[in-house]
Structure formats: C-alpha cells, structure tokens
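1. please work out how this folds:
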Amino acid sequence: MTILPSHSVEQFQRFLAAGTLSLPLKPGSLRSHKNDTAALPQYAELRGCIETEDFVELLDSLYYLINKEFVATQTYLRSTATSTTLVWRVYLIPYDLPGVHGRLRRRDKKVLDDARSALRTVLPHVARNSHEWDNPEYSSSSDFESFYAQETDDRTMAELYSSLASPNPQNIPIDLDSLMSDGRLRGMRSKLYSYQRRSVEAMICQEMCTAAVPNPLYVPLHGIDGSCFYFQPATMEILAERPMVPPSRGGILCEELGTGKTIMTLALVLSTLDQLPEAKASLKGDQSVLTPLSVRAFRRSEDVNARTEGVGRAHRSQPIPSLREHLVHYCRVNPDGLNLRQAMDSESLLNKTLVDALEHNVPFCLHYDEDPVPYPTGRSVRRKAIPPRLTYLSSATLIIVPPNLLYQWKGEIDKHCEDWLRVLVVRDNKALTSSKILATKYDVILMSHTNFINEARKPRTGLFNREACRCRSIDPQIRVPRCTCGESSEASPLLRIRWKRLVVDEGHNASDIRGNLTTLAKALSVERRWIVTGTPTTNLMGLKFGDGGEAAAGDLEHDDILGQGDPADSSDLIPEDAILQYPDFEEDEGDVVSPTATSRVWTKHDRGDLNKLSNMIGHFLATEPFNSTGDIFKTHVIDALMPKPNMPYPRPGSCQMLRQLMEMVMIRHRCEDVEKDVLLPKMQHETVLLDLERYGIITYNVMQAGIALNAVDSERTDMDYIFHPSNRARLQQTIENMTQAMFWHTDDTDLFNLPSIVAEQQEYAKKAETSQAVSRADRELLHFALRVANDAMDDKMWKVLNQYPNVFHQVTGLPQEVYTAWTNLSDAGYPLTYSSDPPIYLCSPERLFKLREMIFKQPLSPLSRMIAWGPAVAKEDQLRDMANMSRMRVSKVWRKQLTKTNKATLMKEMAGIDKEKLKSIHDELAEAQANVRALTKGEGEGGGHPAMLPPQDSDRSSMLDDSPLARVRIRNSMSSKLNYILKEVLEHVHTDKFLIFSRSPLTLAYISESLELLQVKYLSSTSQFHRRQREHFVTTFETSEAFRVFLMELKHGARGLNIVSANRVIFCEPVWQADVETQAIKRVHRIGQTKPVFVKTLTIRNTFEEFMLSRRQKDGSPSHPKQKSTIADDVTMRDFIANPTFLSMPTFDAKGPNPTVEFPFLQRYDKVVFSPTSKPGTVIESPTPSNVRTAKKPRFFAS
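-> Numbering: from 1, shown residues only. From the prediction side, this is the model:
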C-alpha cells in the first residue's frame, strides 16, 4: 500500500528540518517512483529493494515514526548507471504543533518509548548537509555530519561547574548606588569588592524578578534551514516554543571558598531590609495582606472574609476608617522605602499612641492547607476542612548555620554591619520567643542547624487552634488591638511566620531530603530561599581561587624542607601535582572509559552528585518544574547523562542542559574574574614523604602481620576474613588503627594479640601446610608474618614502650641518677639507653614537664633534691591513677575518658578494694600531693638553704644557666611525623601561626604534649571540648598573638571557619575526601590572608598512605576525585591493604632522611618564643594522651 503524508507545504514549514537520509538501493530499482515530495514508496516494495540487510532496522524505524507522526519526509530517487539511492528529507514534528488540539502531547507511553528507540536508530543516519538538502538529485562529497551525533562535551560535572559564566546582572530592580554612602552600602561598615557587588545584584535579580523564565530542561536545536526548535535530551521531545516556568526566587550562592559569601549574604539582607514577602497563593486564589486594624475596622471583602473565618471581630460601631487608620495600615503593609523603623527607633515620632499602633499592627495573611485532613463519619470518610492558619509576614531573614560557626557569624555581623541591625542569636537550647515578636522585632534571626532541627521535632498541633481576638483597642481613634492573646507552645513559632528569606550556610546538607533540616525548611512558608556553600556537592569544590593569579609572594626566599639548605634533602618534599608511587592500578567498575571514545562515561560518583543537586533544587529551593513533579530530575536529567545498556554515553545536548540548569540556580564567579579585584597570597601545597622511626616500624609491621595471618588462616573467604562484606566496620577500624600507628600507637592490654599469635604459631603453620586452599605465596607470607611477630616479642624496649600512652623523646645530658629516679620505664628492668656517648635516654613528656616545673621553681636545686622529687612524683601519679579508677566505677565520663594505659594493672589493684580502702587511697593521694608541694617549696630536707628559696623573676633566668640540668637537650621523639611538626614549629613559630589538622584526637594530644616541651602556646579543638568552647578557641586564636598553634580535629574545623591569622597548615595524615581537604585549606587561604600559605601533608613512605595519594591522583588532579565515602568502600584501596607489605628495619645508628629535632630542656624565660598573655586565673585545658581514649583494635586475628 502507498502511504501519503497528509502534510502540506505550509505544514512542512512548521516542522524542524533535520537533514537528509540516504538509503542505497539495488541498481535499477523503484523505476516507477517519481520525485514528488508528497509521494512515499510502498514499504513492501522498498523492503525488497534494499541493497543490504543492514538497513532493515533503519527502514522499519523510519516508517514507524512516519506512521506515528513523529517524523515527516520528502523522498527523491537519485539514479546513475551503477547505483540507485533514495534520498529522504527528514522533518521532526514538534509536540506542540498548532492546530492538532494537543493530540501529539497525549500519546500512549508505549508509543513514546518505542518512538524514542526508533529516533535513536534513525537520527544518527541523518546528515546535516545543506547541499544535499537543496539538491537531493546530486550526491555530495562533503564529510558526513550527523544530525544526532554522539555527545562531544566530555567535561566532568566539576568542569561544567567551573565553566559557569560569572554574574552579569541587567535591569537590577534596586539601584545599590542609591543605598550607598562613601562607597559603603547603608548599614555596612565594610566596602564590597566589585565581584561581590555583582553577586549581590544577581541575587537581588533572582529574588525580585517575577517574570517566567525558560525551562532549563530544553536546549536549542537548529534545523538545517536555520529554524530554532527546542529539544529535551532524555525524552527526545521537540517543541516549537520553549516552555516557561516560574522563576526560582532564590538559589545557591556557591562562590569560591574564601571569597566572602558571608558579607554577600549580609549585603543582600541590608539591600532589601524593609521589604515584606508577598502573601502565599492558595487553592482559593491570591491572598491579601491583612492587619489587625483592617480586620477590625475595614470593610473590604478580604477583611470581611477574615472575620468570617474567626480571625477577628468588627468594632461595634463600625465607623468609616479614618485617614490616620489608613496610613497605619499602609505603613505596615508597604514599609519598603519608608524608613519607618528608623523613625520609630529614633523617637522622631512624638505621638506614642501612634508608635504603639504601628508596633501592634503586625501584617499577616491567611494560609490555607491544600490537603484537608480526612476523618471518618459513619460508613464514609469525609475531608475535614481545616481553618486557615494565621501567618505573620516578616521582613526578617532566617539564617541557619552550622553550630561551630554560630559565633563566627555573629562576629562577622559585628565586623561588617552597623549596630542598628537587629540580630537575634538563638543559642543552645534557648526557647524561641513568640512568633509575633520574631516577625517584627528583628532583621536577622541567626540559629544553628541543631536548634533548627530541634524546632523540626516539635509537633504541628496547635497551629490552627485560634479564637477571635477580643482585646481592647490601643485608642478609640486607632482601632489597633493591644493584643495579649497567647499562642500554642506546642508548635514551633517558625511555622507561624511567612519569612522573606531563608538562608542555610554550608547548605550542601540540604541535599539530605530525609533530614529534619530539609523537612522543616520545606514546611516553612518562605518566599526566597538560599543555600550558601563553596562545595554544593562532594565533587563540586571551590579550591581554584588563589591557584592561578596569585599575588606574587614577592621575592620571598624560603629554606628547603629540612631547613638545612641541602638540595638533596628536598627530595622528600613532593609538589601537589607530582606523581607519587603506585600510579598504575585497576579502574573501579563503572569508571572505565573507552580510549577511543570521544564522549565521557558518567559514573556512579556523578550520579551521587546529581542526586544531591536534585534534592537541593527540587526539595529545598522548590524550583520549578522540579518541585511540582517529583521525579522529573531523574527522568529528564539523570537519565540523559547516565549510561544505559544500549547507550553508554550521555545523550546529545544533555551536558548543555545540565549547564543551563546550574546557571539557573547557581551564582558564582570564575576565578579569573574574582582575581581582577583581589589576589590571594601564593599557596604552596606539598606532600612530605617520611619514614617511620624504628619502633613505629615494629608496630606497623605487627599490624601488617595480623592482616596476613587473618588472610591465610581464613583462606581469604567467609566471615572470618576481615575483608568479607559483613566485616566492613571492623575493617574500617583496622584502617584507622594503621593510620594511628603511622603517627604513634600503643596497646598495653594484649600487645596487638602477639602473645596469642606466638603461642599458636605452630598451629598456624600446620593448617597452612595442609590446606589446599592456601597458595604457595600465602604460605610464604604466613612464615614471614610469624617471623615479624617473634622479632617484635623479642624486642624488650618496644614492649615496654607499649605500656604507656606517650610518645617518648630522646634526652641527652641527663645524669643517670636523675633519670633513674624520674623514669617511668624503670620497672621493666631493661637497658634504656642507646650505645652512644653521651648516653641517650627515653623519657615521657609528662615526667619531663614535672621535672622542669620543679626546676623553674627552684633553679639551683642540687641533684640530690631532684633525685628525691622523682619517687614522690611517681607515687603521686600512681595514686592519681587509682583514684581515677575509683571514680570510673561510678562515673560515665571517666569511663569514657580513661585510656587503656595501665588499665589492666589498675583494675587488678582495684579489685576487692572496699569503700574504706578507696577513702584511704584518696587520703594518700592528698598526702602525696602535699609532699610534692613541700619538696618544691623547700620545706623538707635542707629547706632553709638560700639556694632552695624561690628566686625573684629577675634572677630566675640567670640561675637556670647554673642548674645541674642546664645542658640537657631534648631530641627526636619516637614519631617521625611528630618530629617533622616540631621542626616546622621551631623554624617558623616566631613569624607564622600554624593550623594542624588530624582525624585523631589522640594524635593531637601527642602533639600538644610536645608543644608543652617546646613551651609554645597552643589551642586544641577536639571532641573533648563542648562546642561553645571550640567556638571561643577560634576567637581567641584569631585575636591573640600568644597562641601560635591551633590543633584541630578535622571534623570540627574543616568547614566554614575563618582562621586567616594562620598561614601554615599541616595535615597529620592524608585526607581521603578531597572536599574535606579543600574546605580545611580554605580556612586560611581566603580573603583577609596577607601571607603566603604553606600546606604540608605528612605521609609515610611505602604504606597505604602513599598509595592513597596516588589513588587521589587518578584523574590527574585532586579537583576531580572519584573516591568512595570511606577507604574501606574503595575496591582498589581494599585490595592494596589486603596484600600487606612490610617495612624494612633500620639499624640503631642509621641516619635516614627524616628531620632531626633538638632543643634545650630548660628554656630560659627571656628566650621563650611567646609568653602567655591570657588573664590571670584563665586555664585552657587541652586533651593529653592520658585523657584521650585510644583507637580500638578489632579482634580479627585468627583464633
């Protein structure tokens, strides 16, 4: 049969001219066909003329599309003596074709699915060849250009994000110049940079432009004749007119980290300070703005309706509203530009009655829930109509910030804004005031995520329980009620307000749609919503600012990494872009990209970023069309980008669509545009490769041996194997223990299970030899692991060191008798010195602290007196530990804080001790403490000698030079990472401040002990401290020159903080998640930094730390990571750890490439680097290894 298209020439002009399709036929076929644009060959006839079977599917798909009105064609037969070709002009029919009454939009789902498959078969064969289109009877020699070519945009999502155009707002609703004085925005103390002003103007446009905007899901698609249609990459829908959607009155402020997002937010608040939000529309139509005065005195229909709904009651006499009443109503409903609040605050309105009327006449609207509550009546279920909710209109901005940034935000407001800005800071567990006060008395409500989530947990009951206000009017001439009606205390007052603006700082948390933060944010009535974050998703990070156009750091000269001026020693300093070891490893499944592909395959990591973006846009920002259609982001965006079995690459146009979507909601400047206004000092990020010290190597090898024994004994199968999926938590703990061991780690309970391993080594070997499942390589691994275990058990010093939670230091120049009296290693009975002259002793920091403290009090004390102090201090320590154990039996806090140090021994001593004995222990402790105090005060033996009396401060320094311990020197510790940190501090602490990050509080405690030895003032922000204390520590560090080092647990300090007083950053271990590292670095490398920034990441050579960094370099840059959330989830990292490698042992006298440290034990007061300047009596305690719980060791070793 013959199919004739029912399209006239005029209709063809309404179609998208896609291109031509050439179908080779058998020579001499279709002789009866005429080149009539309205003619279409019969399918059966054409099927028999096809030259090869390869075109059968193409032909079937084409005829299906023609039959279902997705495609229209014109055909031409081109014949020569040797060939015959049927040329098709292919037109795509738009779904919104006029004159068909929407029929093309209402097609069956199966038809649409089949049509998409057919289009993907046909369109790649359609050529964009204008010559052949205009002259189908002639063949073209030009290269084939497909109409539907494979996506050529191979940029990652992070690269698309970085390429977004900088804001260039036009037709700005507010002229900021009219709000400025002396270059400063009204209400601001600080001036904005040009790029900051452009961002604020872009945010104003985003908030105040109410005209519909183009739907970002459709990309322009041009026909061969130049016509423009619009194409949806996922559904392949073609439209002649681009659909429009309501604007998103908000968005994501995602400027680069450290470029001033806080001041931009404050400038936005001040620029729109007195604007009221519009009343929210409901199913009953647009709602009017009401006031208590209008409900009581006006006769408008909306006021009559409000009285009908029980909001208020009319005045008995109902006189016509006076001009004064109209003005009171107008001023509260239209306050923008009136400066009414300033006039009221300055008391320029002398009429107090008028002031009271304005204050009490709070504007509100009626909010109708869209879904009435069902309730049963008899056999049926009816919908119970809920009365409207009275919602106050507020010009305030609700700002939600992370708990650790609450005080920093308050400090930024104080720094940048004038005092008249009304700010309410909602502190911990502080109950919110009434909704009416919140809506009218403040410009900014600042509260933490935690407090906001607490409000989300409150019930929603009581919002609709309301009685008509019968309070008396303020004045008979101004019928504003002086309302004293209470409101339900059950529901959050935040829900009774229609907020002008909601801002969530570090708002990437809003991507969790199941979290209480997003739940309450969705429930709030808000006109404008903003997410403020420098890292919108895991892999969209702002670390580029300062990398390209940094201010030249002058001609600064810096020492090499070891400070010795030897270029050979600098080989351990690895630049960030250098390639480390282990560059070749297997790709993760799903990350493989064909080397011949021109398009990039999007991975499951990209899907995670897309899902987060979807949740922020659709659920938090409520951007259309994603808010009204829940799964449209998945069906139209994610499905277009993510691979399918039949199409592994992104659909053509999908990357452009994603870019349009990000441009619709994101405001950010490109780095080069920011750097036109401000240049950051140079930042140098380097990896420092270190070797473990001798006893650290033993610990690390013992842990590797444990992994090897578990692998061989379990035959690498089933649940006994540590790498079995069910043991994920145990594996993660094992990795954390190994990370801790690369700084310093001890185990005083069971010595890493070594006694059991050595006792059962014959059983291990026998099982491995008889099992067929154990390979030869694993047998050799087992034997080596057992040798490692035996060697460790034979090392007496290593076993002694494991009894204490301290990093011991080498000490020289200490008289042997003083060492013997003071050491806490003497009970072991083993040699405690190296074979050197002079001898080198190992001493714990805590004993060195106490010895030095006593000498500072009595500088000229003879050796005999120092020797007498030692046992007294040891006795005090022992009794204190026992007293702490007694408290632990009744105190949860002590049970959590007590370390494993001497725990087993103390528990044995405490067993069977009755209450009277406990009291005796406490009495003995008090007596021991008194004895120590007496010895230092000279009240004991020889106390009357002048040399024993406390000297004056002016004489103390010179007396220390005459002390018997004046030549004592403290040298390297047992931790190579700690040695490097101490060397860096010694070299630069005079001029620079340090910010030191670690995931482990124990690592930071070790560092703090050694900083005490250096007499360097420091602060420590870890989980040991309450959040309020951590906030105060940041302020103290920023404002005090006394504190030179800030020790910060990574999870508490990696986001949002401003610590520009520091310019040297040290990571004690590599950071797995690149966005966390980025955030941490940007605490110091941001606007306000005036010095070059140096970032060092300490890494142990030939361990999984070095391999981790190589893994991070997989894509050539840390800015494009593909990491799993944890190392334990990454297949490549798991494989590396599952095949343990052992480190070679150095000799005692070997000098490796690690840095060396040496400083005097008795630092004279006039040579202390920075003396304390805190107020007398102020004590800032920091965690020490004795009050930090050590890492747990899983019991995975073979039983």
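
2. could you pull out the helices for the stretch 701-850 of the chain?
-> Secondary structure of the stretch 701-850 of the chain (DSSP state H, counting those that start in this stretch): helices at 728-741, 754-759, 761-770, 776-794, 796-801, 816-822, 845-857.

3. domain ranges for this protein?
-> Following automatic domain parsing, one gets these domains for the chain: 9-134, 292-371+380-532, 694-801, 827-968.

4. adding mean pLDDT and mean neighbour count, write those out as CSV.
-> In short, each C-beta sits where N, CA and C put it, glycine included. Listed next are these as CSV, based on pLDDT from 0 to 100; neighbours: other Cβ atoms under 10 Å:
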stretch, mean pLDDT, mean neighbour count
domain 9-134, 84, 17
domain 292-371+380-532, 82, 18
domain 694-801, 89, 18
domain 827-968, 63, 16
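
5. of those, which is nearest residue 209?
-> domain 292-371+380-532 (11.6 Å; Cβ to Cβ).

6. that older thread, possible to save the helices of the stretch 701-850 of the chain as TSV with distance to residue 237?
-> TSV is the format used below for the helices of the stretch 701-850 of the chain (distance: least, Cβ to Cβ, whole Å):
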stretch	distance to residue 237
helix 728-741	43
helix 754-759	66
helix 761-770	64
helix 776-794	58
helix 796-801	71
helix 816-822	82
helix 845-857	70
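
7. ok, which of those comes nearest residue 1008?
-> Nearest of those (Cβ to Cβ): helix 845-857, 9.3 Å.

8. ok so, going back, which of the helices of the stretch 701-850 of the chain sits closest to residue 480?
-> With Cβ to Cβ as the criterion, residue 480 lies closest to helix 728-741 of the helices of the stretch 701-850 of the chain, at 62.6 Å.

9. what is the closest one packed up against?
-> Packing partners of helix 728-741 (3 or more Cβ pairs under 8 Å, 6 or more residues apart in numbering; DSSP states H and E): helix 694-713, helix 1104-1112, helix 1131-1138.

10. now render those as JSON lines, adding distance to residue 1071.
-> Below are the helices and strands packed on helix 728-741 laid out as JSON lines (distance: least, Cβ to Cβ, whole Å):
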{"stretch": "helix 694-713", "distance to residue 1071": "20"}
{"stretch": "helix 1104-1112", "distance to residue 1071": "9"}
{"stretch": "helix 1131-1138", "distance to residue 1071": "14"}
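
11. how about these, which one is nearest residue 687?
-> Among those, the nearest to residue 687 by Cβ to Cβ is helix 1104-1112 (6.1 Å).

12. next one: that closest one to chain centre, how far?
-> 21 Å (Cα atoms, centre = their mean, to the nearest Å).

13. begin at 42 from now on, thanks
-> Yep, numbering from 42; the last one is helix 1145-1153 now.

14. return the set of buried residues in it.
-> 1145-1153 (16 or more other Cβ atoms under 10 Å).

15. give me the contact list for stretch 447-461.
-> Contacting residues not belonging to stretch 447-461 are listed as 228-231, 303-304, 307, 311, 383, 386, 440, 442, 462, 464, 466, 468, 485, 487-489, 546, 1072-1073, 1075-1076, 1097-1099 [Cβ atoms under 8 Å, 6 or more residues apart in numbering].

16. mind listing which of the residues you listed are in helices?
-> Using DSSP state H, the subset of those located in helices is 303-304, 307, 311, 383, 386, 1072-1073, 1075-1076.

17. closest to residue 1028 out of those?
-> Nearest member of the ones in helices among the contacts of stretch 447-461 to residue 1028, counting by Cβ to Cβ, is residue 1075, at 25.1 Å.

18. what is the burial count for the closest residue in space to the closest one that isn't next to it in sequence?
-> With sequence-adjacent residues excluded and distances taken as Cβ to Cβ, 6 or more residues apart in numbering, residue 1075 is closest to residue 1098, at 5.9 Å. Residues near residue 1098, counting by other Cβ atoms under 10 Å, number 27.

19. residue 1098 contacts residue 1123, doesn't it?
-> No. Using Cβ atoms under 8 Å as the test, residue 1098 is too far from residue 1123 to be in contact (9.3 Å).

20. if we can go back for a sec, closest one of the buried residues of helix 1145-1153 to residue 769?
-> Comparing the buried residues of helix 1145-1153 against residue 769 with Cβ to Cβ places residue 1145 closest, at 16.8 Å.

21. residues in contact with the closest residue to residue 815 other than its chain neighbours?
-> Counting by Cβ to Cβ, 6+ apart, residue 815 lies nearest to residue 809, which is 4.9 Å off, once chain neighbours are set aside. Residue 809 is in contact with 753-754, 815, 819-820, 823, counting by Cβ under 8 Å, 6+ apart.

22. for residue 396, which of the helices and strands packed on helix 769-782 is the nearest?
-> Per Cβ to Cβ, nearest to residue 396 of the helices and strands packed on helix 769-782: helix 1145-1153, 62.5 Å.

23. orientation of that closest one relative to helix 735-754 in degrees?
-> Angle, helix 1145-1153 to helix 735-754, by axes from the mean of the first three to the mean of the last three Cα atoms, to 10 degrees: 70 degrees.

24. now helix 1145-1153 - C-alpha only, PDB.
-> Output in PDB follows, covering the C-alpha atoms of helix 1145-1153 (Å, rounded to 0.1, in the frame of the first residue of the first chain):
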ATOM      1  CA  PHE A1145      48.800   2.700  52.100                       C
ATOM      2  CA  GLU A1146      49.000   6.500  52.900                       C
ATOM      3  CA  GLU A1147      51.300   7.000  49.900                       C
ATOM      4  CA  PHE A1148      49.100   4.700  47.800                       C
ATOM      5  CA  MET A1149      46.100   6.700  48.900                       C
ATOM      6  CA  LEU A1150      47.500   9.900  47.400                       C
ATOM      7  CA  SER A1151      48.400   8.100  44.200                       C
ATOM      8  CA  ARG A1152      44.800   6.900  44.100                       C
ATOM      9  CA  ARG A1153      43.700  10.600  44.500                       C
END
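
25. quick one: average pLDDT of that helix?
-> Per-region confidence: helix 1145-1153 scores 83 on mean pLDDT.

26. so what does that helix touch, helix or strand wise?
-> helix 769-782, strand 1134-1141, helix 1172-1179.

27. ok now the last one, how far from the chain's centre?
-> When C-alpha coordinates are averaged (Cα atoms, centre = their mean), helix 1172-1179 and its chain have centres 25 Å apart.

28. ditto for stretch 785-794
-> Its chain's C-alpha centre and that of stretch 785-794 lie 34 Å apart, by Cα atoms, centre = their mean.

29. endpoint to endpoint, that stretch covers what distance?
-> End-to-end distance for stretch 785-794: 18 Å, by Cα to Cα, to the nearest Å.

30. could you do stretch 1072-1087 as well?
-> One end of stretch 1072-1087 sits 13 Å from the other (Cα to Cα).

31. in this structure residue 261 contacts residue 269, no?
-> Yes. Between residue 261 and residue 269 there is a contact under Cβ under 8 Å: 5.6 Å.

32. residues contacting residue 130?
-> Residue 130 is in contact with 58, 60-61, 78, 114-117, 174, 177, counting by Cβ under 8 Å, 6+ apart.

33. swap that for residue 201, sorry
-> 696, 699-700, 703.

34. pull up the gap between it and residue 839, please.
-> 53 Å (Cβ to Cβ, to the nearest Å).

35. any chance of TSV for the domains of the chain, columns distance to residue 238?
-> Shown next, in TSV, are those (distance: least, Cβ to Cβ, whole Å):
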stretch	distance to residue 238
domain 50-175	41
domain 333-412+421-573	14
domain 735-842	45
domain 868-1009	50
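
36. mind checking which of those domains is nearest residue 721?
-> domain 333-412+421-573 (18.6 Å).

37. could you check how far the closest one is from the centre of its chain?
-> 32 Å.

38. before we move on, what about stretch 1102-1115?
-> Taking mean C-alpha positions (Cα atoms, centre = their mean), stretch 1102-1115 and its chain are 15 Å apart.
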